[in-house]
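Asker: What follows is a predicted structure for the sequence shown.
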Amino acid sequence: MPRWMLPLALVGAALIAVPLLATLLRLDWSRAPQLLSSPAALDALSLSLRTAAAATILCVLLGVPLGYALAQWRSRLQPTVRALILAPLVLPPVVGGLALLYAFGRRGLLGESLHALGIEIAFSTAAVVVAQTFVALPFMVLAVESSVGALTGHHESLSATLGASRTTTLRHVTLPALRPALITGTVLVFARALGEFGATLTFAGSLPGVTRTLPLEIYLQRESDADAAVALAVMLVALAVTVVALAYRPLARRAP
Amino acid sequence: MSLDARISVDERGVDAALTVPHGETLALLGPNGSGKSTVLAAIAGTLRPQRGHARLDERTLHALDRDMPAQWRHPRERRIGLVTQRADLFPALPVIDNIAYGLRARGLSRGHAREEARSWLARADLLGLADRRPTTLSAGQARRVAIVRALAAQPDALMLDEPFAGVDVEAAQQLRALVAEQTRSITTVIATHEVLDAHLLASQVAVLAGGAVVEAGSTATVLTRPRTEFAAAMAGRILLRGEAQDGALVTPDGARLPANTSEVARGASALVAISPLEVRIATAGQRADLTDTVRLLEPRGDLVRVTGATLAADVAPHQAAGLAVGADVGWRVTAPPVAYAA
């Protein structure tokens, strides 16, 4: 690495580390246990963990086939469709929330038909999961797409010569080869879902115990009890850092 | 089952035809880049050629010629085993499950497939590797396991792409033994650039040059009586064309090489394929069978190859001492080579 890069790297690290440290310094340690164990905080935490877990499962279930298809699809339309699918990466989450409302809201494109079937999504816990999936799915798609693109197809071909079906090949040959990407994708998706705010607030609202996830709770508490907001924020940061540290390591270091 | 194929892949400049009788082994001989891998992959169905066909007995694997509707069987329906020069084993599975893979695909239960896989490993003397991960195997071990895996799927024909390349001498030895033993009754194609493999393992030879099969037939015929420079080069022989005279082959430029001409009519055009090991350099006072000019001197193992315009000889280094490019040299042949009809 050229020497001149080092100061820039340090500035980058400081930009991330200083705000996190500042939050930690604002934490009132004596009140923290009490603040974190308040019913509102526990509700928000439990809701956040449950919805983020559900969104992660959905992202794996839908994102793996989508990323796979995108990597193998040869068409002039592919770049356009791909850009559309990855749009939530660059879209302001509020816009995502509005878009979801126009699709699944009571008067939305699909909402009316769903309403007729007795299904209400908007402003329910399901809406939280949908909003989180909407913003997190592209991370999984990207991870899978790029690593499918890097496959040579050699082992897949040999699997076929041994008489294996496509599903068998996927299970025993392709998915194991995609393992690093799947782990990375899953962690990123979970982290993104856990931190989701804008789309959730717009599409699901902020009903205590139903749609008020941890980030929403932090935002609300900031007005009434700043210390509680800080305590919750620290918990969210700790949760996110732990998850990332446990599972998200650079590919080069994961190899045996 | 007998294999009959014609493989045309335009972007690789391949247009090769070959047939292998039931249960025989064919060596597809050719230098690197001659299209051997392409031919094998197309027969196994992992690469789709533009034209041509492949058949096992009456069963069509593919038929892609313009005058009839295209037929293409997916590789999983072909029952053709393929072993390549690359890392073939599935890294996520231990050796035993790699072997059991084809058996599982045929519908055997996990336990039953593993049991059978074990007996395959035992037969190949590889049982000790059963629980190893492919990444922990040496290149030679991995190749042996890959061959056994292909065999365990009980294919109707087996394609081995340079199965002895990239492994050390001892491993190549073990691999040759394995292939010789296990492919006795299965129709096999071995792509190789080593003529030794053809001699040791194959009853049939097809010589591939520039993507086309330029010569094919029984190993003994093709390698001792080649008709093309390509086949002669693969066989390590020098091909001389000329006219049969009494006890000699006379080349167009008038060189006269003693030869056994009993098989060809006097005056007929004939060929002689002579190995540089059968050629000596005439020492001072010896009568030379043929005189020539040295074009090239190159070390070949313990010997030196002295190449002239017409012939070449592999001789001990001290016999080549004093020779230089451009020098006159007299050749002697240890025994008159057999001249055969061109």
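Answerer: Cool, got the structure. Numbering: from 1, shown residues only, chains lettered A, B, ... in the order given.

Asker: Next, B:Ala248: phi, psi?
Answerer: The phi and psi torsions at B:Ala248 (degrees, to the nearest 10) take the values phi -160, psi 160.

Asker: what's the nearest residue to the residue in the stretch 1-150 of chain B that chain A sits nearest to if we skip its chain neighbours?
Answerer: When you check the stretch 1-150 of chain B against chain A by CB to the nearest CB, the closest residue turns out to be B:Ala92, at 3.2 Å. Backbone N, C-alpha and C define where each C-beta goes, glycine included. Across the structure, with CB to CB, 6 or more residues apart in numbering or on different chains as the measure, the residue nearest B:Ala92 apart from its sequence neighbours is A:Pro176 (3.2 Å).

Asker: and that neighbour, backbone torsions?
Answerer: phi -60, psi -30.

Asker: just to revisit the earlier point, can you count the residues close to the residue of the stretch 1-150 of chain B closest to chain A?
Answerer: As a burial measure, B:Ala92 scores 18 neighbours (other CB atoms under 10 Å in any protein chain shown).

Asker: Report the separation between it and B:Thr261.
Answerer: B:Ala92 is 63 Å from B:Thr261, where distance means CB to CB, to the nearest Å.

Asker: just B:Ala231 next, same as before
Answerer: Distance, B:Ala231 to B:Thr261, using CB to CB: 21 Å.

Asker: who has more neighbours, those two?
Answerer: Neighbours per residue (other CB under 10 Å) separate B:Ala231 from B:Thr261, with B:Ala231 holding more: 26 against 22.

Asker: The more buried one and B:Ala172, how far apart?
Answerer: In this structure, B:Ala231 and B:Ala172 are separated by 23 Å, where distance is defined by CB to CB.

Asker: How far does stretch A:86-106 sit from its chain's centre?
Answerer: Stretch A:86-106 has its C-alpha centroid displaced from the chain centroid by 15 Å (CA atoms, centre = their mean, to the nearest Å).

Asker: End to end on that stretch, go ahead and measure it.
Answerer: For stretch A:86-106, the first-to-last residue distance is 26 Å (CA to CA, to the nearest Å).

Asker: what does that stretch contact?
Answerer: By CB atoms under 8 Å, 6 or more residues apart in numbering or on different chains, the surrounding residues in contact with stretch A:86-106 are A:108-112, A:114-115, A:120-122, A:127, A:130-131, A:134-135, A:137-139, A:141-142, A:196-204.

Asker: repeat for stretch B:243-253
Answerer: Residues from elsewhere that reach stretch B:243-253 (CB under 8 Å, 6+ apart): B:240-242, B:256-261, B:264-270, B:272, B:310, B:336, B:339.

Asker: Of the residues you listed, grab the buried ones for PyMOL.
Answerer: A single PyMOL command is used to select the members of the contacts of stretch B:243-253 judged buried by 16 or more other CB atoms under 10 Å in any protein chain shown:
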select buried, chain B and resi 240+242+257+258+259+260+261+264+270+272+310+336+339
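
Asker: Restricted to strands, list the contacts of stretch B:243-253.
Answerer: Among the contacts of stretch B:243-253, the members falling in strands are B:Leu240, B:Arg241, B:Gly242, B:Arg256, B:Leu257, B:Pro258, B:Ser269, B:Ala270, B:Val272 (criterion: DSSP state E).

Asker: which residues does the fourth one bridge with?
Answerer: B:Arg256 has these beta-bridge partners by DSSP bridges: B:Val250.

Asker: now the last one
Answerer: Beta-bridge pairing for B:Val272 (DSSP bridges): B:Leu240.

Asker: and the closest residue to chain B within the stretch 151-256 of chain A, what pLDDT?
Answerer: The nearest approach of the stretch 151-256 of chain A to chain B comes at A:Pro176, 3.2 Å away (CB to the nearest CB). The per-residue pLDDT reported for A:Pro176 equals 94.

Asker: Tell me the spacing between it and A:Leu162.
Answerer: For A:Pro176, the distance to A:Leu162 equals 16 Å [CB to CB].

Asker: ditto for A:Leu170
Answerer: Counting by CB to CB, the gap from A:Leu170 to A:Leu162 is 14 Å.

Asker: higher neighbour count, these two?
Answerer: The neighbour count for A:Leu170 versus A:Leu162, taken as other CB under 10 Å, is higher for A:Leu162 (26 against 18).

Asker: The nearest residue to that one once chain neighbours are set aside: neighbour count?
Answerer: Leaving out its chain neighbours, the residue that sits closest to A:Leu162 by CB to CB, 6+ apart is B:Gly102, at 3.9 Å. Other residues within reach of B:Gly102, judged by other CB under 10 Å, total 26.

Asker: Can you pull the phi/psi pair for B:Gly102?
Answerer: Main-chain dihedrals, B:Gly102, degrees, to the nearest 10: phi -70, psi -30.

Asker: Please give me every residue in contact with it.
Answerer: Listed by CB under 8 Å, 6+ apart, the contact partners of B:Gly102 are A:Leu162, A:Gly163, A:Ala164, B:Arg149, B:Ala150, B:Ala152, B:Ala153, B:Gln154.

Asker: A:Tyr219 in helix, strand or coil?
Answerer: helix (DSSP: H, G, I helix; E, B strand; the rest coil).

Asker: Go ahead and confirm it touches A:Phe197.
Answerer: Yes. A:Tyr219 is in contact with A:Phe197 according to CB atoms under 8 Å; the separation is 7.0 Å.

Asker: List the neighbours of the helix or strand harbouring B:Ala172 that are in contact with it.
Answerer: Here B:Ala172 is covered by helix B:169-182, with elements defined by DSSP states H and E. When contacts are defined by CB under 8 Å, 6+ apart, helix B:169-182 is touched by residues B:123-124, B:138-141, B:143-144, B:147-148, B:151, B:160, B:163-164, B:167, B:188, B:190, B:197, B:200-201.

Asker: With just CA atoms, put it into PDB.
Answerer: Coordinates of each C-alpha in helix B:169-182 appear next as PDB, following Å, rounded to 0.1, in the frame of the first residue of the first chain:
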ATOM      1  CA  VAL B 169       5.700 -40.200 -12.300                       C
ATOM      2  CA  GLU B 170       4.700 -42.600  -9.500                       C
ATOM      3  CA  ALA B 171       1.100 -41.300  -9.500                       C
ATOM      4  CA  ALA B 172       0.900 -41.600 -13.300                       C
ATOM      5  CA  GLN B 173       2.100 -45.200 -12.900                       C
ATOM      6  CA  GLN B 174      -0.700 -46.000 -10.400                       C
ATOM      7  CA  LEU B 175      -3.200 -44.200 -12.600                       C
ATOM      8  CA  ARG B 176      -2.200 -46.200 -15.700                       C
ATOM      9  CA  ALA B 177      -2.600 -49.400 -13.700                       C
ATOM     10  CA  LEU B 178      -6.000 -48.300 -12.500                       C
ATOM     11  CA  VAL B 179      -7.200 -47.400 -16.000                       C
ATOM     12  CA  ALA B 180      -5.800 -50.500 -17.600                       C
ATOM     13  CA  GLU B 181      -7.500 -52.700 -15.000                       C
ATOM     14  CA  GLN B 182     -10.800 -50.900 -14.700                       C
END
